[in-house]
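>>> I need the structure of the sequence given here:
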Amino acid sequence: MADNIAAPFIPAQYTGEATTTSETKELVHETAAVTFFKKAVARLSDVNKWAGMSGSLSSEFQLTDLAGKVAEGPAETGMYIRIDIPGPGTNAGKGFDWVKIEQKEHVVLNEHQEVFFIRARPTEHPIQKSAGIAHFLRKEASSSFVLVRNGSTITATVYGRNEVPNTQTTDIGDKIRNAVVGSTGAIGISKLQWKALVKGLLE
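Numbering: from 1, shown residues only. Next comes the predicted model:
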């Protein structure tokens, strides 16, 4: 049911891999679920604490402003997330992978159903855009971090869509790195850390 409610907010799958990582929590009654949903939204918005919820295999996540400077507080549309994944980083991203938050939305469908989501997409380094996409996946890829409340049930899901290794970059080092990272389990490791994250959001 949560997938049906979230479906309009998830990009269509048309190339590469698709992953869906989900966790559900049942509250004792709807009033408790409304309160818990607000707490989960605050947790999901606090990108800088994602690594703490995602376990020892996790990448490090740092929210930044439009100039790539470290930012505190909740994520907002247009901001960047700087990702330090285990292993070598990108030259294009000055040692990091980068995504941009293209949409953050809280949609109340009716008194019993609401959706909150943050959708991010691979992007260039905020101030080194000419170097190309600074991420091991191509720009077609997206990650949607979604919370759904359906009555007294809350579901946290990460939807990865159109995940294709970014081997189109002009930097030879990045091309090799992205091919290796994209094909040797980075998506699998992401799925493990997303599993830990969705569990952490609902604790």
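>>> so where does residue 181 fall, helix or strand?
For residue 181, the host element (DSSP states H and E) is helix 172-183.
>>> who touches that helix?
Contact partners of helix 172-183, identified using Cβ atoms under 8 Å, 6 or more residues apart in numbering, comprise 85, 87-88, 90-92, 135-137, 163-169. Bear in mind the C-beta positions are built from the backbone N, C-alpha and C, glycine included.
>>> mind picking the two most distant members of those residues?
91 and 163 (21.4 Å; Cβ to Cβ).
>>> out of those two, which sits in the busier spot?
residue 163 (23 against 18; other Cβ atoms under 10 Å).
>>> so the more buried one bridges to which residues?
Using DSSP bridges, the beta-bridge partners of residue 163 come out as residue 17.
>>> tell me the spacing between it and residue 140.
Remark: distance between residue 163 and residue 140 (Cβ to Cβ, to the nearest Å) = 9 Å.
>>> next: residue 168.
11 Å.
>>> so between those two, which is more surrounded?
More crowded of residue 168 and residue 140, by other Cβ under 10 Å: residue 140, with 17 against 13.
>>> next, that one: secondary structure please.
For residue 140, the assignment made with DSSP: H, G, I helix; E, B strand; the rest coil gives coil.
>>> where are the low-confidence patches of this protein?
Within the chain, the segments meeting pLDDT under 70 span 56-57, 182-189.
>>> let's see 80
Filtered on pLDDT under 80, the chain yields the residue ranges 1-2, 55-58, 86-89, 130-131, 168-170, 174, 176-192.
>>> longest single strand anywhere in it?
If you go by DSSP state E, the chain has its longest strand at strand 97-110.
>>> what helix or strand is the spatially most central residue of the chain on?
Central residue of the chain (Cα atoms, centre = their mean): residue 143, 4.4 Å from the mean position. For residue 143, the host element (DSSP H and E) is strand 142-150.
>>> angle of that strand against strand 97-110?
Put simply, strand 142-150 runs at 30 degrees to strand 97-110, going by axes from the mean of the first three to the mean of the last three Cα atoms, to 10 degrees.
>>> which strands or helices does strand 142-150 pack on?
Using 3 or more Cβ pairs under 8 Å, 6 or more residues apart in numbering; DSSP states H and E as the contact test, the elements touching strand 142-150 are helix 2-6, helix 30-45, strand 113-122, strand 153-163.
>>> how about the shortest one: buried residues?
Meaning helix 2-6. For helix 2-6, a neighbour-count test (16 or more other Cβ atoms under 10 Å) marks 2, 5, 6 as buried.
>>> wait, isn't residue 155 in contact with residue 27?
No: if you go by Cβ atoms under 8 Å, residue 155 and residue 27 don't touch, sitting 11.8 Å apart.
>>> and residue 108, how many neighbours?
For residue 108, using other Cβ under 10 Å, the count is 11.
>>> so how far is residue 7 from it?
As judged by Cβ to Cβ, residue 108 and residue 7 stand 17 Å apart.
>>> same deal with residue 112?
Look at residue 112 and residue 7: by Cβ to Cβ, they are 17 Å apart.
>>> out of those two, which sits in the busier spot?
Comparing residue 112 with residue 7 by other Cβ under 10 Å, the one with more neighbours is residue 112, at 13 against 10.
>>> thanks a lot, see you next time.
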